[in-house]
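# the sequence and its predicted three-dimensional model are supplied below.
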Amino acid sequence: MKKTAVYGAGSWGTAIALLLARAGHQVSLIGRNQEKINTMKNRRENTYYLPGVTLPDMIMPSIDLQDIDADVVFLSVPSHTVRESCRLIKPFLRPNCIIVNTAKGLEEKTYLRLSQVIAQELPDHPLAVLSGPSHAEEVGKDVVTAVVVAAQDIKTAETVQDLIMTPKFRVYTNHDLIGVEMGGALKNIIALCTGILEGMNPRDNTRAALITRGLAEITRLGVAMGGKLETFYGLAGIGDLIVTCTSSHSRNLRAGRALGAGKSLDEVLKEVGMVVEGVRITKIAYELSQRLNIAMPITEKAYNVLFNNLSPHEALVELMMRGKKHETEVREFLGKGQ
C-alpha cells in the first residue's frame with residue numbers, strides 16, 4: 001500500500017481517489033472549498049461533483065495542503081490552473097514523489113503542454129500523464145474502463161500502472177508523452193463541434209463525418225508537435241475522441257448542443273456551471289495552427305463560431321464547400337518529413 005494524494009476535489013479528482021481506494025491505497029483528497037470538503041467528510045459523498053457514490057474510509061477529504069505529503073500525487077485541476085496549483089503544492093511535496101497529471105489541455109499564450117508546465121514548476125519530480133476515454137461519472141461507479149499512462153521514463157509509467165490497475169480499470173503504458181497529451185487536449189474541440197451539430201438536428205452521416213475528419217486534423221497538429229501517428233489511433237486519441245463526442249457525461253458535447261440551438265457562449269457557460277475545456281482549447285489550437293501553418297478547418301470554423309459571430313449553419317456550408325482534398329493527407333504530410 002502506498003500513501004497517495006489527489007489535489008483537486010472535483011468530479012475527476014474524486015473518481016481518481018475512489019480508484020486508488022479500490023486498489024487498496026490510502027488517499028488524501030485535497031480541495032480548496034472548506035464547505036464542500038466538510039460535506040464530503042460528513043456525508044461520505046461528493047454531493048456537488050459526483051453524487052450517488054459513497055466515499056470509503058480509505059479516502060480522507062482535506063483542505064490542508066500538508067496532507068499532500070505522499071508517494072504519488074495526482075493533479076486533477078482544470079488545465080488553466082495547473083501552473084498555479086503546482087506553485088501552491090510545491091512546498092508540501094515529498095522529495096521525488098511522482099506527479100500524475102490528469103488535466104487535458106494546453107497553456108494559453110505559451111502553447112506549452114501541461115507536462116511542460118509542470119516540469120518548469122516541479123523540476124525535481126518524476127512526471128506521468130493519465131489520459132484516455134474515462135468519464136469521472138463512470139470511473140466513480142466502477143464501470144469497466146481502459147486508459148493510458150505516458151511518461152518519458154517508462155519505469156515511472158509502469159509504477160503508476162501498477163498503482164491504479166484493477167479488474168475494472170485497465171492501464172496501458174506509452175512512451176509518447178506528446179501524442180498522449182495532444183490527443184487528450186484536442187479532442188475537446190471536436191466534441192464541442194459534435195454538440196453544435198446535434199443542436200442543429202443533424203443525422204448520423206454528418207456526425208460520423210465530423211468525428212472522422214476531426215481526428216484527421218487533430219492528428220496533423222499533434223504530429224507536427226512531435227507526437228507519433230499511432231498514438232492518435234489509440235486510447236488517448238480515437239478512444240477519448242469517441243467517448244467525448246458521444247457521452248451524455250461530456251460537458252463539451254452539452255455546451256455545443258446549446259450553441260447549436262442558438263444560445264450565446266456566455267449563456268452556455270453559465271448553464272453548464274463547470275469548466276468547458278473545448279472553448280479554451282479551440283482558441284489555443286487555432287492560434288497554434290496558424291503559427292505552424294497546419295490546416296485545421298474544423299477548428300478554424302469552431303473558433304469563428306465561438307469568437308467571431310459566425311453562425312453554425314454558415315460554418316457547416318463553408319466546411320462542405322472547401323477545395324477538394326485527398327483523404328490520406330495525414331500520411332502524405334508525414335511522408336514529406338514535415
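Yep, it's here. Bear in mind the structure is a predicted one, so any value in this text is a computation, not a measurement.
# mean confidence score for stretch 220-229?
Stretch 220-229 carries an average pLDDT of 96.
# nearest residue to the middle of this protein?
Nearest to the mean C-alpha position of the chain, counting by C-alpha atoms, centre = their mean, stands K104 at 3.0 Å.
# which stretches of the stretch 151-300 of the chain form strands?
Here the stretch 151-300 of the chain has its strands, by DSSP state E, counting those that start in this stretch, at 169-174.
# where does it have low pLDDT?
274 (pLDDT under 70).
# tell me which residues form a beta bridge with the nearest residue to Q161 once chain neighbours are set aside?
Counting by C-beta to C-beta, 6 or more residues apart in numbering, the nearest residue to Q161 once its immediate chain neighbours are dropped is V171, at 4.5 Å. Where C-beta positions appear, they are placed from N, C-alpha and C, glycine not excepted. Beta bridges link V171 to V147, judged by DSSP bridges.
# related to what we said a few turns ago, wait, the residue nearest to the centre of the chain touches R280, no?
No - K104 is beyond contact range of R280, at 10.7 Å (criterion: C-beta atoms under 8 Å).
# can you name the helix or strand that the residue nearest to the centre of the chain falls in?
Using DSSP states H and E, K104 sits in no helix or strand.
# residues in contact with the closest residue to E158 other than its chain neighbours?
If the residues on either side of it in the chain are set aside, E158 comes closest to T173, at 5.9 Å by C-beta to C-beta, 6+ apart. Counting by C-beta atoms under 8 Å, 6 or more residues apart in numbering, T173 touches V148, V149, A150, A151, I154, A157, E158, Q161.
# T14 is in contact with E137, isn't it?
No - in this structure, T14 is not within contact of E137 by C-beta under 8 Å, at 10.3 Å.
# mind listing the shared neighbours of K104 and R280?
Contacts common to K104 and R280, judged by C-beta under 8 Å, 6+ apart, are S79.
# any idea where the helices of the stretch 151-300 of the chain begin and end?
154-164, 177-199, 204-224, 240-246, 251-260, 265-272, 277-292, 297-307 (DSSP state H, counting those that start in this stretch).
# export those to CSV and tack on distance to K41 and mean neighbour count?
What follows is these, written out as CSV (distance: least, C-beta to C-beta, whole Å; neighbours: other C-beta atoms under 10 Å):
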stretch, distance to K41, mean neighbour count
helix 154-164, 24, 18
helix 177-199, 32, 28
helix 204-224, 41, 19
helix 240-246, 32, 23
helix 251-260, 27, 24
helix 265-272, 27, 13
helix 277-292, 29, 20
helix 297-307, 39, 21
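# could you dump those helices into CSV with distance to C86 added?
Shown next, in CSV, are these (distance: least, C-beta to C-beta, whole Å):
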stretch, distance to C86
helix 154-164, 17
helix 177-199, 16
helix 204-224, 24
helix 240-246, 24
helix 251-260, 24
helix 265-272, 26
helix 277-292, 18
helix 297-307, 28
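# so which of those helices is nearest T81?
helix 277-292 (11.4 Å; C-beta to C-beta).
# now for the closest one, which elements pack on it?
helix 177-199, helix 204-224, helix 251-260, helix 297-307 (3 or more C-beta pairs under 8 Å, 6 or more residues apart in numbering; DSSP states H and E).
# re earlier: relative to L127, how far out is the residue nearest to E158?
T173 is 14 Å from L127, where distance means C-beta to C-beta, to the nearest Å.
# pLDDT score assigned to E329?
The per-residue pLDDT reported for E329 equals 65.
# repeat for the one 5 residues further on
What the model reports as pLDDT for L334 is 55.
# could you do K2 as well?
Looking at K2, its pLDDT reads 84.
# so it touches V72, yeah?
Yes - look at K2 against V72 with C-beta under 8 Å: they come within range, at 6.1 Å.
# wait, what's in contact with the residue nearest to the residue nearest to the centre of the chain when sequence neighbours are not counted?
Nearest non-adjacent residue to K104, counting by C-beta to C-beta, 6+ apart: G184, 3.8 Å away. With contact taken as C-beta under 8 Å, 6+ apart, G184 is in contact with K104, V129, S131, G132, A236, D240.
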